[in-house]
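K.L.:
I need the structure of the sequence given here:
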Amino acid sequence: MTDTELRQAGDSAPAAPGGPARTPSRKRNGSRRRTFGPETTKGTIAKIVLLGLVDAVAVYVLMMLFLSQSWGALAVSAVVVAAINWIYLRKGGLPAKYLAPGVLFLLVFQVFVVLFSGYIAFTNYGDGHNSTKDDAIAAIQLTAQKRVPDSPAYKAAVLSKDGSFYLLFTDPDGRTSLGSAGTPLEQVSGAGTDSTGKANALAGYRTLNFQEIVANQQQILGITVPVSADPADGTLRTADGSSAYQFKPALKYDADAGTFTDTDTGSVYRDNGKGAFATDSGETLTTGWKIDVGMENFARAFTDPSLRGPLLGVILWTFTFAVASVALTFALGLFLAITFNREDLRGKKIYRILMILPYAFPAFLSGLVWSGILNPQFGWLNQTLLGGATIGWLTDPVLAKISVLVVNLWLGFPYMFLVCTGALQSLPTELDEAARMDGAGPWRVFRSIKLPLLLVSIAPLLISSFAFNFNNFNVIFMLTGGGPRFADTDRDIGATDILITLVYKVAFGQGTGRDYGLASALAIIIFIIVATVSAISFKQTKALEEVNS
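P.N.:
Coordinates of the predicted model:
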């Protein structure tokens, strides 16, 4: 017999004559013993297969991290993989087996994102500053290229392999070399030639004909083949797919001095301490590198002339939009909930269904529909209801803000209607009847009894609604795009922009380029504001509960 069977037999054995009866499944302290059956063969096989798939993917990820020399991510990933195997291979620990996936996804998609955004906020990460200094030096040498005077012409043929294009060169001395945009020039042998001695074929590669070269002209003309692994040695480029010339950097890099020198003007570019090369007069090369800048992004948000004024206006409008949206949707939702909560109202189920229809449609689609309805030139509102008027519902700053609030009211009142309906139906009717017997009118009953009781249960939802509308990206971006645009700034910032749309434009906008560091700093400011308002509001909610208890 197994150990489990022996223990079970001992627990269920009859008591000795004259002795006390033995309780089959009790421990000495009187608590019931929890026993688990042995794991089935199918369960064991399923666990091994699923864990094997997870480990296979994990091994691949670890290999890629090792090849990319991402040692920090490699160490963390290895620890996570080991922890997962330990949790699911050991016996017992059932809660951990259920909690592990959720905790892992929480760490990856929430905690890591927050920490990474916080780190980016203290850097200059963005367009032109997204890599290391060595990568920036190589990129400058690669992009600042000009044709070498009196460069000999290389005969060229275009080859393809595994979906990539290669250039086969024949130099004036008859030597053949092969290269691509990611592969430096390398001499090859055994190439096929035509009657002029031009190499035009190579084993393992397919030679493109004229029609194929024309069809892929942009890709082929964009190929820049490095002469060697050193960017200073220049590149070979073709302008027609049949001949090529040598190019070298117009900026010469001095590794000892750490400077770039313009070979035409003699200007010297040095590390300016801000992640870029610049001259003494302030002229800066566009390609830089990522560095830590401390609190500079936070200071720039309130000191940059092109951002300071619009940012203060955006913050004020964000609070106005969030508070007004919560107040309007709650007022309308509560009014409709009270209206359709009458017991003698016929067809109230149908009315309730109609009330929640706006809530059933995606907000971004509703935003696009409303933007068409409110279009100043072709919108249904101006052309049909207003007889062809040209009212700037989305182009006038004041009307655009009113339009945003009205559309958000349309989208948000069904939620408040549902919440208030449920809260009203949970209120005891005895209080209402007692108040009426004491002579209180409907308004006094609502103000003194129903509303305070409603706020106890609905106040946390109002706080969450404020936080949602504080970051209500869809309705703003789909309806107005943040416009109409401010005239006193060169940034794409408008009268209806809220902080979250401003963050999006700073991070992914056009014109001023992507600035992830500044966008992350603004995101942290949003978090601080929402967290502070929520903490104060929840404290007031607790006080409200104590008053009504």
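K.L.:
all helices for the stretch 301-450 of the chain, in order.
P.N.:
For the stretch 301-450 of the chain, helices defined by DSSP state H, counting those that start in this stretch occupy the ranges 305-339, 348-355, 357-360, 363-373, 380, 397-426, 429-437, 442-445.
K.L.:
dump the second one to PDB, restricted to CA.
P.N.:
What follows is the C-alpha trace of helix 348-355 in PDB, where atoms were taken according to Å, rounded to 0.1, in the frame of the first residue of the first chain:
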ATOM      1  CA  LYS A 348     -40.000  52.100 -19.200                       C
ATOM      2  CA  LYS A 349     -38.000  49.000 -20.300                       C
ATOM      3  CA  ILE A 350     -38.000  50.200 -23.800                       C
ATOM      4  CA  TYR A 351     -37.100  53.700 -22.800                       C
ATOM      5  CA  ARG A 352     -34.200  52.400 -20.700                       C
ATOM      6  CA  ILE A 353     -32.800  50.400 -23.700                       C
ATOM      7  CA  LEU A 354     -33.000  53.500 -25.900                       C
ATOM      8  CA  MET A 355     -31.100  55.500 -23.200                       C
END
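K.L.:
quick one: that helix to helix 397-426, angle?
P.N.:
Put simply, helix 348-355 runs at 150 degrees to helix 397-426, going by axes from the mean of the first three to the mean of the last three C-alpha atoms, to 10 degrees.
K.L.:
any idea how far Val148 lies from Gln187?
P.N.:
To Gln187, Val148 is 20 Å away according to C-beta to C-beta, to the nearest Å. Where C-beta positions appear, they are placed from N, C-alpha and C, glycine not excepted.
K.L.:
sorry, back to before: can I get the helices of the stretch 301-450 of the chain in TSV including mean pLDDT?
P.N.:
Formatted as TSV, these follow (pLDDT from 0 to 100):
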stretch	mean pLDDT
helix 305-339	94
helix 348-355	87
helix 357-360	88
helix 363-373	91
helix 380	92
helix 397-426	94
helix 429-437	80
helix 442-445	85
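K.L.:
with adjacent residues omitted, what lies nearest to Phe302?
P.N.:
Closest residue in space to Phe302, ignoring its immediate chain neighbours: Arg308 at 5.6 Å, by C-beta to C-beta, 6 or more residues apart in numbering.
K.L.:
let me fix that, I meant to ask about Val188.
P.N.:
Val188 sits nearest to Leu178 (C-beta to C-beta, 6+ apart), 4.9 Å away.
K.L.:
before we move on, which element is that neighbour in?
P.N.:
strand 176-180 (DSSP states H and E).
K.L.:
next: Ala521.
P.N.:
Taking DSSP H and E as the criterion, the element that holds Ala521 is helix 516-548.
K.L.:
buried stuff in that helix?
P.N.:
Buried residues in helix 516-548, counted by 16 or more other C-beta atoms under 10 Å: 516-526, 529-530, 533-534, 537, 541.
K.L.:
distance from the chain centre to it, please.
P.N.:
Its chain's C-alpha centre and that of helix 516-548 lie 22 Å apart, by C-alpha atoms, centre = their mean, to the nearest Å.
K.L.:
over to stretch 260-269?
P.N.:
Going by C-alpha atoms, centre = their mean, where stretch 260-269 is centred and where its chain is centred differ by 40 Å.
K.L.:
list the helices and strands the strand holding Leu178 packs on?
P.N.:
strand 164-170, strand 183-187, strand 225-226 (3 or more C-beta pairs under 8 Å, 6 or more residues apart in numbering; DSSP states H and E).
K.L.:
which one, of those, ends up nearest to Leu454?
P.N.:
The minimum distance between Leu454 and the helices and strands packed on strand 176-180 falls on strand 164-170, with 66.2 Å, by C-beta to C-beta.
K.L.:
how about that closest one: buried residues?
P.N.:
By 16+ other C-beta under 10 Å, the buried positions in strand 164-170 come out as Phe165, Tyr166, Leu167, Leu168, Phe169, Thr170.
K.L.:
ok, back up a step: please export the C-alpha coordinates of the strand holding Leu178 as PDB.
P.N.:
Extracted in PDB, the C-alpha atoms of strand 176-180 (Å, rounded to 0.1, in the frame of the first residue of the first chain):
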ATOM      1  CA  THR A 176      34.700  41.900 -58.400                       C
ATOM      2  CA  SER A 177      33.200  42.700 -55.100                       C
ATOM      3  CA  LEU A 178      29.800  42.100 -53.500                       C
ATOM      4  CA  GLY A 179      27.900  44.200 -50.900                       C
ATOM      5  CA  SER A 180      24.600  45.400 -49.600                       C
END
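K.L.:
so what strands line up beside it?
P.N.:
Counting by DSSP bridges, the strands paired with strand 176-180 are strand 164-170 (antiparallel), strand 183-187 (antiparallel).
K.L.:
can I get the buried residues of strand 164-170 in TSV with pLDDT?
P.N.:
Formatted as TSV, these follow (pLDDT from 0 to 100):
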residue	pLDDT
Phe165	94
Tyr166	95
Leu167	95
Leu168	95
Phe169	95
Thr170	94
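K.L.:
quick one: which of those residues is nearest to Glu430?
P.N.:
Among the buried residues of strand 164-170, and counting by C-beta to C-beta, the member closest to Glu430 is Phe165, at 82.5 Å.
K.L.:
hey, what's the closest one bridged with?
P.N.:
Going by DSSP bridges, Phe165 forms beta bridges with Ser160.
K.L.:
and it, how close does it get to Arg175?
P.N.:
Distance from Phe165 to Arg175, by C-beta to C-beta: 21 Å.
K.L.:
likewise for Gln145?
P.N.:
Relative to Arg175, and taking C-beta to C-beta, Gln145 is found at 23 Å.
K.L.:
ok, now Arg90?
P.N.:
Shown here: Arg90 relative to Arg175, a distance of 64 Å by C-beta to C-beta.
K.L.:
more neighbours: these two, which one.
P.N.:
Legend: neighbour count by other C-beta atoms under 10 Å for Arg90 and Arg175, higher for Arg175 (13 against 10).
K.L.:
can you give me the strands in the stretch 101-250 of the chain?
P.N.:
145-147, 154-161, 164-170, 176-180, 183-187, 192-193, 199-201, 206-207, 225-226, 235-238, 243-249 (DSSP state E, counting those that start in this stretch).
K.L.:
check contacts around Leu454.
P.N.:
Leu454 makes contact with Leu334, Cys420, Ala423, Leu424, Leu427, according to C-beta atoms under 8 Å, 6 or more residues apart in numbering.
K.L.:
hmm, I typed the wrong one, I wanted Arg352.
P.N.:
Phe340, Phe417, Thr421.
K.L.:
ok, now which ones touch the first one?
P.N.:
So the one you mean is Phe340. Counting by C-beta under 8 Å, 6+ apart, Phe340 makes contact with Lys348, Tyr351, Arg352, Met355, Thr421.
K.L.:
swap the cut-off to 7 Å and go again
P.N.:
By C-beta atoms under 7 Å, 6 or more residues apart in numbering, the contact set of Phe340 is Lys348, Tyr351, Arg352.
K.L.:
out of the contacts of Leu454, which end up buried?
P.N.:
Among those, the ones that count as buried by 16+ other C-beta under 10 Å are Leu334, Cys420, Ala423, Leu424.
K.L.:
of those, which is the nearest to Ser403?
P.N.:
Ser403 lies nearest to Leu334 out of the buried ones among the contacts of Leu454, by C-beta to C-beta, at 23.6 Å.
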